[in-house]
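> no letters, just coordinates:
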């Protein structure tokens, strides 16, 4: 499954989402590749400069000219290929979206994030129509992922409540779980380790809660993948 | 309770084992399928309608020249001075197009225009 993580708005949590999900799936035994298409190369930095023994494979030096070649080389070797995209409205982003099975759109509860996220959603819908002209069975699913949300039990901002209501009323698909603002996720980047490798480190904050959060998101992601597989099987039988 | 500083006193417990069903589910996910071919120009054209544009960063990674403009090669022998000017947008666009078309740096483009006098 090719998963593009996209929001033209910078700082919405794309790289955190990618790193957290990719490393957790690898921890669960999946074969995972991350194409680091962010010019700042945060995931490659994490992999090369850290001491993590995570099995995720990271490819960087990606641009709009070589993106499809790189993806085509990697795609059949991994169960999950994440594409961590830059926070700009570029052709690299749109090409990655056109090649994805699922687009995760991380969104913070702010008006700017939501507006930019809407751009990403419109592109997904248009690219899906274009791709279907070549392969009618193809679909590009998308899911909003709310990021930097308060911990469960903590007060939820009015902006977040409004965003949740707007998404519900517009029927925009979203992850039911959010990516909570967690010290553990920051520690993953700062210390260049996976959640599992942070055990015993006080700088990681509430690790148990972070595991639960990622576990719930990984389950949703895998269910989306299973649903896609079932739909493809049904289409091929019909 | 703070939203963001969620320190926990006891942080030495080993990572909890994931429920068996998620590992099983993950194992059942097949290897990714090759993507169907889509002409990149089709994708780019659709994206351009939504305000997306080419922002090829290959020059950042590979040190190559920006498309359409020649790279500065070597140091300029003469002493240099900085000129920062504000100009009407139409003139700005016209000047940049001229430089791109002739594959000139901005100072070369100014020289080329002066040489026409």
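Cool, the structure landed. Everything numeric in this text was worked out from a predicted model, so none of it was measured.
> and what about the residue nearest to residue A:179 when sequence neighbours are not counted, helix, strand or coil?
If the residues on either side of it in the chain are set aside, residue A:179 comes closest to residue A:147, at 4.4 Å by Cβ to Cβ, 6 or more residues apart in numbering or on different chains. Quick note: C-beta positions are derived from backbone N, CA and C, even for glycine. Three-state assignment for residue A:147 (DSSP: H, G, I helix; E, B strand; the rest coil): strand.
> residue A:147 is in contact with residue A:175, isn't it?
No: using Cβ atoms under 8 Å, residue A:147 and residue A:175 do not qualify as a contacting pair, with a distance of 9.9 Å.
> residue A:111 - how many residues pack around it?
Neighbours of residue A:111 under the rule other Cβ atoms under 10 Å in any protein chain shown: 10.
> the more surrounded of residue A:147 and residue A:175?
The residue with more neighbours, out of residue A:147 and residue A:175, is residue A:147; 24 against 20, by other Cβ under 10 Å.
> and that one, how close does it get to chain B?
The gap separating residue A:147 from chain B is 13 Å, by Cβ to the nearest Cβ, to the nearest Å.
> mind checking the backbone torsions on residue A:65?
Residue A:65 adopts backbone torsions of phi -70, psi -40, taken as degrees, to the nearest 10.
> check what pLDDT it gets.
Per-residue pLDDT puts residue A:65 at 86.
> just give me the neighbour total for it.
14.
> for residue A:150, same thing?
Neighbours of residue A:150 (other Cβ under 10 Å): 18.
> doesn't residue A:106 lie inside a strand?
Yes: per three-state DSSP, residue A:106 lies within a strand segment.
> got the contact list for it?
Residue A:106 makes contact with A:5, A:7, A:12, A:13, A:14, A:16, A:17, A:145, A:146, A:147, A:179 under the criterion Cβ atoms under 8 Å, 6 or more residues apart in numbering or on different chains.
> recalculate using a threshold of 6 Å.
A:7, A:12, A:13, A:14, A:17, A:145, A:147 (Cβ atoms under 6 Å, 6 or more residues apart in numbering or on different chains).
> which pLDDT value goes with it?
Note on residue A:106: pLDDT of 94.
> how far away is it from residue A:149?
Using Cβ to Cβ, to the nearest Å, residue A:106 is found at 11 Å from residue A:149.
> what count of nearby residues applies to residue B:38?
For residue B:38, the count of nearby residues is 19 (other Cβ under 10 Å).
> next: residue A:122.
If we define neighbours as other Cβ under 10 Å, then residue A:122 has 15 of them.
> and if you look at residue B:50?
By other Cβ under 10 Å, 15 other residues sit near residue B:50.
> how would you label it: helix, strand or coil?
When classified by three-state DSSP, residue B:50 comes out as coil.
> need the contact list for it.
A:119, A:122, A:123.
> surely the first one touches residue A:8?
Yes: under the criterion of Cβ atoms under 6 Å, residue A:119 makes contact with residue A:8 at 5.5 Å.
> find the nearest non-adjacent residue to the residue in chain A positioned nearest to chain B, please.
Per Cβ to the nearest Cβ, the residue of chain A with the smallest distance to chain B is residue A:94, at 3.3 Å. The shortest distance from residue A:94 to any non-neighbouring residue, by Cβ to Cβ, 6+ apart, is to residue B:47 (3.3 Å).
> surely that neighbour is within a helix?
Yes: residue state for residue B:47 (three-state DSSP) corresponds to a helix.
> quick check, pLDDT for it.
In this prediction, residue B:47 has a pLDDT value of 82.
> could you list every helix and strand in contact with the lengthiest helix in chain B?
In chain B, with assignment by DSSP state H, the single longest helix is helix B:89-102. For helix B:89-102, the packing partners by 3 or more Cβ pairs under 6 Å, 6 or more residues apart in numbering or on different chains; DSSP states H and E come out as helix B:106-115.
> helices and strands of chain B: which one bottoms out on pLDDT?
In chain B, no helix or strand scores lower on mean pLDDT, DSSP states H and E than helix B:58-62, which sits at a mean of 42.
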